[in-house]
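*Asks:* what's the 3D shape of this:
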Amino acid sequence: MTKIIDTFLFSEPHEKEALLIKFILGGEAITEWVIVENEYTFQGEHKGVFAQQVLDSDERFAPFCDRIHLISASLQHPPIDYTRKDIDTQGMDSERRQRSLAQKYIVEKYGHEPDVWVLLSDADEVIDFDSFPDNFTFLTTKLTAANDGLVQIPRRRFWYDYDNLWNAVRATPIVTVQRLAQATGDMGMGLLRSDYIGAVPEWERTLVFEYSYCYEKEHILRKYRTFPHGGYSDAEILQTIRCNHIPMSAFRNKTIDLHKDLWMEKVELTSTNSPRYVRQHLERLRTNVIEKKYLSNRQEDYPHLYTFSHKFRFFVKQLAKTILQRFK
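*Replies:* Residues are numbered from 1 along each chain as shown. Have a look, this model is predicted:
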C-alpha cells in the first residue's frame with residue numbers, strides 16, 4: 001500500500017492553527033509527519049525552537065503525536081546582504097539547507113520500502129484526505145501514472161485569511177523516496193522542492209491548500225521579517241493587507257498594476273474550493289485582518305489604475321504579449 005510522508009518546516013508558535021489543520025486533514029492517510037525547525041530565522045536572527053512546546057501545549061495534537069518526528073537544528077543562517085542583487089537566493093539557500101536536514105532520516109527509514117512518497121510541503125500547506133473518502137485513491141492514481149518519481153500537486157492558495165483567495169495556482173511536489181535519495185548536496189532536498197513549486201494547471205479536484213499569513217497583523221509582520229525573502233517594510237505589508245493584493249517591494253522596484261494574479265479576493269467557501277474542516281470552523285479560524293472596504297481602498301490608494309487611459313494602455317500591452325506568445 002502507498003505510504004505518504006509529509007515533511008515541512010516550522011518556525012514560530014503563530015503557525016499553530018495551520019499546523020493543526022495540516023494534521024487533521026492529513027489524518028490516517030499520512031504515515032508520518034517530519035518537521036524541521038531551526039534556532040535561527042532565514043534572515044539570520046536567533047529565535048529559538050518552539051515545535052515541541054506547541055505540540056505539548058494543546059491536547060488537540062495528541063492523536064497525531066505518535067506519527068510526528070521532530071528535527072530541531074541550530075544552523076546559523078547568515079544575515080541577508082542587501083547590497084547584493086541576489087537577496088532572494090541568499091534567503092532561499094538558507095531555507096533549502098534547513099529543509100534538507102530531513103532527507104537522511106527519511107531515506108534511511110523508508111528507502112528500502114516500495115511505494116513510499118514524500119510530500120515536500122510547508123507548515124501552511126495542507127493535503128486534504130478528509131473532505132472526500134476517495135481523495136487518497138484519487139492521488140494514488142496520479143502517482144501510479146508518474147514515470148519519473150515526481151508529481152506536482154496543484155495548490156490552491158489563501159492568504160491572510162481562510163476565505164481570502166489568491167487565484168494564482170502553484171504546485172507542491174511529491175516524490176518517491178528513491179527520487180529523494182538521489183538529491184545530492186546540502187541543499188539537495190530543498191532544491192527538489194523549490195525547482196518544482198511553479199505554476200501548474202489545476203486538477204479536476206483540489207487536494208492541496210495553502211493558508212499563508214493567516215495570522216493576526218503583528219504575526220504577519222513578524223513572518224515577513226523572518227522568512228527567506230527579505231526587503232519588505234512593515235508599511236508595504238500593511239498596504240498589502242489594506243488593499244488585499246500581494247506584496248509590492250520598492251526595494252525590488254515592484255509596483256502594483258491590473259494583472260489579475262496580483263490581487264486577492266474574499267470568496268464564499270464551497271465543497272469545491274475548500275476543505276470541509278475549514279468551512280465547518282471558519283468563524284473560529286477567521287483572522288479578520290482584511291478590511292471590508294478593500295475594494296474602495298484600492299480606488300482611493302491607486303486612482304491611476306482606474307483611469308480609462310491606464311486601462312486602455314494595459315489592455316493593449318496584454319494583447320500584444322498574447323499575440324507575441326502565439327507566434328513564438
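
*Asks:* Pro173 in helix, strand or coil?
*Replies:* When states are read from DSSP: H, G, I helix; E, B strand; the rest coil, the local structure at Pro173 comes out as strand.

*Asks:* Leaving out chain neighbours, which residue sits closest to it?
*Replies:* On the basis of Cβ to Cβ, 6 or more residues apart in numbering, the spatially nearest residue to Pro173 that is not a chain neighbour turns out to be Tyr196, at 4.0 Å. Heads up, the C-betas are built off the backbone N, CA and C, glycines and all.

*Asks:* Quick check: the gap between that neighbour and Arg156.
*Replies:* 17 Å (Cβ to Cβ, to the nearest Å).

*Asks:* Please determine how far the residue nearest to Pro173 is located from Ser212.
*Replies:* Taking Cβ to Cβ as the criterion, Tyr196 is separated from Ser212 by 18 Å.

*Asks:* Show me where this structure has its strands.
*Replies:* In order along the chain, the chain carries the following strands (DSSP state E): 3-9, 32-38, 68-73, 116-120, 125-127, 150-159, 164-176, 208-212, 264-266.

*Asks:* Can you add mean neighbour count, mean pLDDT and distance to Met92 and give those strands back as CSV?
*Replies:* Converted to CSV, those look like this (neighbours: other Cβ atoms under 10 Å; pLDDT from 0 to 100; distance: least, Cβ to Cβ, whole Å):
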stretch, mean neighbour count, mean pLDDT, distance to Met92
strand 3-9, 22, 98, 12
strand 32-38, 22, 98, 14
strand 68-73, 16, 98, 17
strand 116-120, 24, 98, 14
strand 125-127, 26, 98, 16
strand 150-159, 20, 98, 18
strand 164-176, 20, 97, 15
strand 208-212, 22, 98, 16
strand 264-266, 17, 98, 23
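
*Asks:* And those: which comes nearest Tyr306?
*Replies:* The closest approach between Tyr306 and any of the strands of the chain, judged by Cβ to Cβ, belongs to strand 264-266 at 16.6 Å.

*Asks:* Tell me which other helices or strands that closest one touches.
*Replies:* On a contact count with 3 or more Cβ pairs under 8 Å, 6 or more residues apart in numbering; DSSP states H and E, strand 264-266 meets strand 164-176.

*Asks:* Measure how the strand it packs on sits relative to strand 3-9, angle-wise.
*Replies:* Strand 164-176 runs at 120 degrees relative to strand 3-9, counting by axes from the mean of the first three to the mean of the last three Cα atoms, to 10 degrees.

*Asks:* for strand 164-176, the distance to its chain's centre please.
*Replies:* Strand 164-176 has its average C-alpha position 7 Å from the chain's average C-alpha position, going by Cα atoms, centre = their mean, to the nearest Å.

*Asks:* picking up where we left off before, TSV for the strands of the chain, including distance to Arg252?
*Replies:* As requested, the strands of the chain are arranged in TSV below (distance: least, Cβ to Cβ, whole Å):
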stretch	distance to Arg252
strand 3-9	23
strand 32-38	25
strand 68-73	29
strand 116-120	26
strand 125-127	24
strand 150-159	18
strand 164-176	18
strand 208-212	19
strand 264-266	19
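
*Asks:* Can you pull the domain assignment for the chain?
*Replies:* Listed domain ranges for the chain are 3-212, 217-326 (source: automatic domain parsing).

*Asks:* looking at the ones you listed, which is buried most?
*Replies:* For these, ranked by mean neighbour count under the definition mean count of other Cβ atoms under 10 Å, the leader is domain 3-212 at a mean of 18.

*Asks:* What residues does His69 make contact with?
*Replies:* For His69, the contact set (Cβ atoms under 8 Å, 6 or more residues apart in numbering) comprises 32-35, 105.
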